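Enquirer: I would like to see how this sequence folds:
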Amino acid sequence: MRRSRFLNTFLLQYLAYRRDEPSLCQLSLTLNDLVQLAPAADLKWIEELVEAYNRQRFGQDDRELVRFCLNAPRRVPADIARPFVILDVVQLSNYGESSVPFATEIVKALRFSGNPFVLAGLRREVLGAVARTGGNADGLDVMRLEPLREEDARQLVSAAARRHRVVLNDETRDLLVQQLEGSPFFITAMLQAAREKSQPLDSYLACERLYVDELMGGRLNRHFSAVLERIAPEADTRAALVRLLCEWLPTGQHTASFESWRKRLKLDSGPVEQVLRALHIQELVNWDGEAINAEGGSSVWKDYLRSRFRLDALREPRALVVADVMADSSQTCSADNCPPLSPQRQSSFA
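Expert: Numbers count the residues shown, from 1 in each chain. I've put the predicted structure just below:
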């Protein structure tokens, strides 16, 4: 399914460009529909591509079919166009259990296409896939997206607030920067939620209420819940993992052994390796094959873990957990690391 979707999406976007009709990208069209839309200059090679695909898809070699679809951009005649393939937010680990090594096939198809390309994803995942193809990143232009500087994060919050028409002020802007650690993803998620709820973020209390709402059941919650479900599909393993990670947080002990994790998760070595590899890729822990270091992960992730553990494992009342998360967030934002409150902000927060 994914392979045909790649082929269909490539042809759809290519034809939208060639016909100068961006709206085509919003349509759901079959490969035969796309053949009918092909300009005269492109008709021959697109017809041949679709005919070859229809013959190939009934074969027994899934790997060859994957290669065929991924190499479709190479079939564009050089005298007509030169495709620039962009695969954004690609999650290569989703294909780890596939019978076809999809991640390495993607990298090979891009690297040997002769066309420019962008492959954007988690750095450990992308670099690992490149290494598995037998190559290294030295021959590629690698752009590492480092954490935003504080001033850049402030500008991002202000710009995103204007775009989403969310009211905030300098103090709440700085609060969001500090609490969300300048993460573009978290910042955007919060401001999108504020827009949907028509909620101004002009006081600390408004920001904290929205943060807790998103953490307990909104975008932040859905994001981390989806990450956990990919890492540990089985509910029992997922619950044990949350308990293990959460109990680790307040102890001050950041390093553990593989064997201790195997015993706590009550799994064989293979499944534990899969869990640790996925956590390592997400940068929620650091694992070198032996020692496990839990210093990774954002403060938002750790807030999510604590709240989920208390709700799911300890069965504490939701209202109590909400109140404690808000109180903890307020204490974290102390006079040492947050901007001072103006008199009117102090009264609204109290």
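
Enquirer: can I get the strand or helix carrying V50 as CSV, trimmed to CA atoms?
Expert: Here V50, judged by DSSP states H and E, is contained in helix 40-56. Extracted in CSV, the C-alpha atoms of helix 40-56 (Å, rounded to 0.1, in the frame of the first residue of the first chain):
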residue,chain,number,x,y,z
ALA,A,40,1.8,15.5,-24.4
ALA,A,41,5.5,15.8,-23.5
ASP,A,42,5.1,13.5,-20.5
LEU,A,43,2.5,11.1,-21.8
LYS,A,44,4.9,8.4,-23.2
TRP,A,45,7.1,7.9,-20.1
ILE,A,46,4.1,8.1,-17.7
GLU,A,47,2.2,5.5,-19.7
GLU,A,48,5.2,3.2,-19.7
LEU,A,49,5.7,3.7,-16.0
VAL,A,50,2.1,2.8,-15.1
GLU,A,51,2.0,-0.1,-17.5
ALA,A,52,5.3,-1.5,-16.0
TYR,A,53,3.9,-1.0,-12.5
ASN,A,54,0.7,-2.9,-13.3
ARG,A,55,2.8,-5.8,-14.6
GLN,A,56,5.2,-5.7,-11.6
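
Enquirer: in that helix, what's buried?
Expert: Neighbour-count burial for helix 40-56 flags D42, I46, L49, V50, Y53 (criterion: 16 or more other C-beta atoms under 10 Å). Using the backbone N, CA and C atoms, a C-beta is placed for each residue, glycine as well.

Enquirer: dump the residues you listed to CSV, plus pLDDT and distance to A239.
Expert: Below are these laid out as CSV (pLDDT from 0 to 100; distance: C-beta to C-beta, whole Å):
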residue, pLDDT, distance to A239
D42, 96, 53
I46, 96, 50
L49, 95, 48
V50, 95, 48
Y53, 93, 44
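
Enquirer: ok, back up a step: elements contacting the helix or strand following the helix holding V50?
Expert: Using DSSP H and E, the helix or strand that directly follows helix 40-56 along the chain is helix 62-70. Counting contacts by 3 or more C-beta pairs under 8 Å, 6 or more residues apart in numbering; DSSP states H and E, helix 62-70 is packed against helix 2-18, helix 40-56, helix 102-111.

Enquirer: packing partners of the helix or strand following helix 62-70?
Expert: Sequence-wise, the next helix or strand downstream of helix 62-70 (DSSP H and E) is strand 85-90. On a contact count with 3+ C-beta pairs under 8 Å, 6+ apart, strand 85-90 meets helix 102-111, strand 117-121.

Enquirer: and the last one, how far from the chain's centre?
Expert: From the chain centre to the centre of strand 117-121 is a distance of 13 Å (C-alpha atoms, centre = their mean, to the nearest Å).

Enquirer: quick one: closest of the helices and strands packed on strand 85-90 to V66.
Expert: Minimum separation from V66 across the helices and strands packed on strand 85-90 (C-beta to C-beta) falls at helix 102-111, 5.3 Å.

Enquirer: tell me the angle the closest one makes with helix 2-18.
Expert: Helix 102-111 runs at 30 degrees relative to helix 2-18, counting by axes from the mean of the first three to the mean of the last three C-alpha atoms, to 10 degrees.

Enquirer: which other residues reach stretch 118-127?
Expert: Contact with stretch 118-127 is made by 84-93, 103, 106-107, 110, 137, 144, 280-283, as judged by C-beta atoms under 8 Å, 6 or more residues apart in numbering.

Enquirer: next one: stretch 184-195
Expert: With contact meaning C-beta under 8 Å, 6+ apart, stretch 184-195 is reached by 148, 153, 156-157, 160-161, 164-166, 176-177, 180, 199-201, 210-211, 213-214, 218-220, 223, 298, 300.

Enquirer: ditto for stretch 302-315
Expert: With C-beta under 8 Å, 6+ apart, stretch 302-315 has contacts from 215-216, 220-221, 224, 239, 242-243, 245-246, 249, 316, 318, 321, 324-325, 328-329.

Enquirer: among the residues you listed, which ones are buried?
Expert: Buried by 16+ other C-beta under 10 Å: 215-216, 220-221, 224, 239, 242-243, 245-246, 321, 325, 329, out of the contacts of stretch 302-315.

Enquirer: and the furthest pair within those residues?
Expert: A239 and S329 (24.9 Å).

Enquirer: next one: stretch 26-40 to chain centre, how far?
Expert: 31 Å.

Enquirer: in the stretch 1-150 of the chain, where is pLDDT below threshold?
Expert: For the stretch 1-150 of the chain, the stretches with pLDDT under 70 are 1-3, 60, 91-100, 135-138.

Enquirer: show the buried residues in the contacts of stretch 184-195.
Expert: Buried residues within the contacts of stretch 184-195, defined by neighbour count using 16+ other C-beta under 10 Å: 148, 153, 156-157, 160-161, 166, 176-177, 180, 199, 201, 210-211, 213-214, 218-220, 223, 298, 300.

Enquirer: in helices, which of the contacts of stretch 184-195 fall?
Expert: Among the contacts of stretch 184-195, the residues falling in helices (DSSP state H) are 153, 156-157, 160-161, 164, 176-177, 210-211, 213-214, 219-220, 223, 300.
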